[in-house]
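Peer 1: next input, structure requested:
(one chain, ligands or ions: 2)
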Amino acid sequence: MTDRPFQGVDADDLASCVACGLCLPHCPTYRTTGSDSQSPRGRIALIAGVRDGALDLDGGITEAIDSCLQCMGCMPACPSGVRYDRIIAPVVEEMTTHRRGSRRRRSLVLSPLGRPRLLRLVTFIALLAARLGVLPKRFGAPPLSFGRAHARCAPASSGEKIIIFSGCVMDAWYGHVHRDTHAVVTAMGFSASFSEPALCCGALHSHGGLSARAKNLEERVTAELSGATLVVNSAGCGAHLRALFSKDPQRPTKVVDVMDFIDVNMDRLLAACPPAREGLRESVVVHDACHLRNLLGTHLAAHRVLGLHHRVLSVPDDGLCCGAGGAFALEHPVMAREIAERKYVAIDTVVDAGVKFISSGNPGCIGHLAANKPSTMSHVSVVHPVQLVARMIASKQGSEGAGVSDQRRF
Ligand code: SF4
Ligand code: SF4
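Peer 2: Ligands and ions are numbered 1, 2, ... in the order given. All right, here's what the predicted structure looks like:
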């Protein structure tokens, strides 16, 4: 037995990297720093060196690994099929386990998740701090959303029962997105309810290497929701739940992102609520959440669905991560902001085309992009794509005088 670090990483996974560097343009930390140690290739080489005993796990290597967003932007770009997710996950877990300070800090930050009352209390305090101007803007205060419009169409009948995953952050901070998700799914003729109680799936804990707490939360979710059809409106949760339930073939559970669900069932939406002849045709930039693009591979669904009623503008950024990365923006605020600025440089190339919305299917991305939006884009709203679908339906109903009860806040 050896007590060298990183023995939990598969040697074959490490050896599959041929150091070609084709992943580098897709890595946000490499693009921001220009440093090879902050690239997939560099990190893999460092992990392999430590694992083999050729390198000591010093502060530089620790920082190189800590600064990985785990966005997995490197995986689809890799012609050798390197499973970077299988390499980085055990390394982060081991490093978090053996560094008491880092473990405690992450545990503290994530402690409200999975504890709805505590999360609501923290949310209330954060909102108050934001209102008083004492919460740094980079933290992306949760949005206040009162007086939601309800998307209403004559629903077709369907026997399929859908459960919308409540989650923790989505439930406490993005109630308006939940309401719009429910409105759209029911407008499509499905019977839908929210998962109760509001469970945390453990995605952020797993991302931060807090495996024991993640396991605890995951067990509760699988016990409560196995066998259901789950519609999820948080990309990070969706990818985590998909991976989690795929381990339990005995009780098949379908996990689908809400925009993928709408895309697959588009005929239902159009049949129940056909688009207006002119449509909305406002311009929207779709920021592909990393989990949708790099892990689930369903990011184009939002482009297709929104494209029915909006002008979807292409941004020349190769699906670059926005810099949110779970708790990354809290632990690496400077780099997280620099990555977001890079994202906005790309968005700026199309802003003259009249961009009105930036949409993203992940709460972390919505908050981070909103918090770092340049003042020149104050007219642009950062929203979840399902909000635009609900708005499209509400607009259609309004145009027919079918009663949209109030105005949507964007
Ligand atoms: S991870 Fe893949 S793309 Fe990147 S250097 Fe290694 S082999 Fe090349
Ligand atoms: S997961 Fe993201 S930040 Fe980490 S090496 Fe890959 S592309 Fe870079």
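Peer 1: just the helices in the stretch 1-150 of the chain please.
Peer 2: Using DSSP state H, counting those that start in this stretch, the helices of the stretch 1-150 of the chain run over residues 11-15, 28-33, 40-52, 59-66, 74-77, 84-98, 100-110, 116-132.
Peer 1: so where do the helices sit in the stretch 301-410 of the chain?
Peer 2: So, for the stretch 301-410 of the chain - with DSSP H, counting those that start in this stretch - the helices run 328-331, 333-348, 363-371, 385-399.
Peer 1: pLDDT score assigned to S102?
Peer 2: Looking at S102, its pLDDT reads 87.
Peer 1: now do the contacts for the nearest residue to it once chain neighbours are set aside.
Peer 2: Once flanking residues are discounted, S102 sits nearest to T96: 5.9 Å by CB to CB, 6 or more residues apart in numbering. In short, each C-beta sits where N, CA and C put it, glycine included. T96 is in contact with 102-103, 106, 208-210, counting by CB atoms under 8 Å, 6 or more residues apart in numbering.
Peer 1: sorry, back to before: mean pLDDT lowest for which of the helices of the stretch 1-150 of the chain?
Peer 2: Mean pLDDT is lowest for helix 116-132 among the helices of the stretch 1-150 of the chain, at a mean of 83.
Peer 1: so which elements touch it?
Peer 2: helix 169-173 (3 or more CB pairs under 8 Å, 6 or more residues apart in numbering; DSSP states H and E).
Peer 1: how far away from the center of its chain is the helix it packs on?
Peer 2: Taking the mean of its C-alpha atoms, helix 169-173 sits 13 Å from the chain's own mean (CA atoms, centre = their mean, to the nearest Å).
Peer 1: so which of the helices of the stretch 301-410 of the chain gets nearest ligand 1?
Peer 2: helix 333-348 (18.8 Å; CB to the nearest ligand atom).
Peer 1: before we move on, back to that, turn the helices of the stretch 1-150 of the chain into a markdown table, columns for distance to V232.
Peer 2: Below are the helices of the stretch 1-150 of the chain laid out as a markdown table (distance: least, CB to CB, whole Å):
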| stretch | distance to V232 |
| --- | --- |
| helix 11-15 | 28 |
| helix 28-33 | 24 |
| helix 40-52 | 27 |
| helix 59-66 | 28 |
| helix 74-77 | 21 |
| helix 84-98 | 19 |
| helix 100-110 | 19 |
| helix 116-132 | 18 |
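Peer 1: per-residue confidence at A353?
Peer 2: Confidence at A353, expressed as pLDDT, is 86.
Peer 1: so it makes contact with L313?
Peer 2: Yes: contact criterion CB atoms under 8 Å: A353 and L313 qualify, at 5.7 Å.
Peer 1: which neighbours do the two share?
Peer 2: Jointly contacting A353 and L313 under the rule CB under 8 Å, 6+ apart are S283.
Peer 1: okay, buried residues for stretch 291-304 please.
Peer 2: Neighbour counts over stretch 291-304 (16 or more other CB atoms under 10 Å) mark 291-296, 298-303 as buried.
Peer 1: and for stretch 36-53?
Peer 2: Quick answer for stretch 36-53 (16+ other CB under 10 Å): 36-51.
Peer 1: with stretch 27-38 instead?
Peer 2: Residues of stretch 27-38 classed as buried: 27-33, 36-38 (neighbour count, 16+ other CB under 10 Å).
Peer 1: ditto for stretch 11-26
Peer 2: Residues of stretch 11-26 classed as buried under the neighbour-count rule (16+ other CB under 10 Å) are 13-14, 16-17, 23-24, 26.
Peer 1: do stretch 80-100 as well
Peer 2: By neighbour count on 16+ other CB under 10 Å, the buried set for stretch 80-100 is 82-85, 87-96.
Peer 1: likewise for stretch 306-324?
Peer 2: Under the neighbour-count criterion of 16+ other CB under 10 Å, stretch 306-324 has 306, 308-313, 315, 317, 319-324 buried.
Peer 1: show the pLDDT at A151.
Peer 2: A151 carries a pLDDT value of 46.
Peer 1: could you do D3 as well?
Peer 2: For D3, the pLDDT comes out at 82.
Peer 1: hang on, V255 in a helix?
Peer 2: No: V255 is assigned strand when assessed by DSSP: H, G, I helix; E, B strand; the rest coil, not a helix.
Peer 1: that one pairs with what?
Peer 2: Using DSSP bridges, the bridge partners assigned to V255 are L230.
Peer 1: so who does it touch?
Peer 2: Applying CB under 8 Å, 6+ apart, we find V255 in contact with 230, 232, 238, 241-242, 245.
Peer 1: re the thing from before, of all the buried residues of stretch 80-100, which comes closest to I164?
Peer 2: D85 (26.6 Å; CB to CB).
Peer 1: that closest one reaches A243, doesn't it?
Peer 2: No: the criterion here is CB under 8 Å, and D85 misses it with A243 at 9.4 Å.
Peer 1: returning to that earlier point: and the buried residues of stretch 306-324, which is the shakiest by pLDDT?
Peer 2: Looking at the buried residues of stretch 306-324 by pLDDT, the weakest one is D317, with 84.
Peer 1: just give the nearest non-adjacent residue to S67, would you?
Peer 2: The nearest residue in space to S67 (CB to CB, 6+ apart) is T29, at 5.5 Å.
Peer 1: the one you found against D66, yeah?
Peer 2: No: using CB under 8 Å, T29 is not in contact with D66; the gap is 10.4 Å.
Peer 1: so where does P197 fall, helix or strand?
Peer 2: Using DSSP states H and E, P197 sits within no helix or strand.
Peer 1: now stretch 83-93 - C-alpha only, CSV.
Peer 2: What follows is stretch 83-93, C-alpha atoms only, in CSV (Å, rounded to 0.1, in the frame of the first residue of the first chain):
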residue,chain,number,x,y,z
ARG,A,83,-12.7,11.4,-18.9
TYR,A,84,-11.7,14.5,-17.0
ASP,A,85,-14.8,14.2,-14.8
ARG,A,86,-13.5,10.9,-13.5
ILE,A,87,-10.1,12.4,-12.9
ILE,A,88,-11.0,15.6,-11.1
ALA,A,89,-13.9,14.3,-8.9
PRO,A,90,-11.8,12.0,-6.7
VAL,A,91,-9.0,14.5,-6.5
VAL,A,92,-11.3,17.3,-5.2
GLU,A,93,-12.9,14.9,-2.8
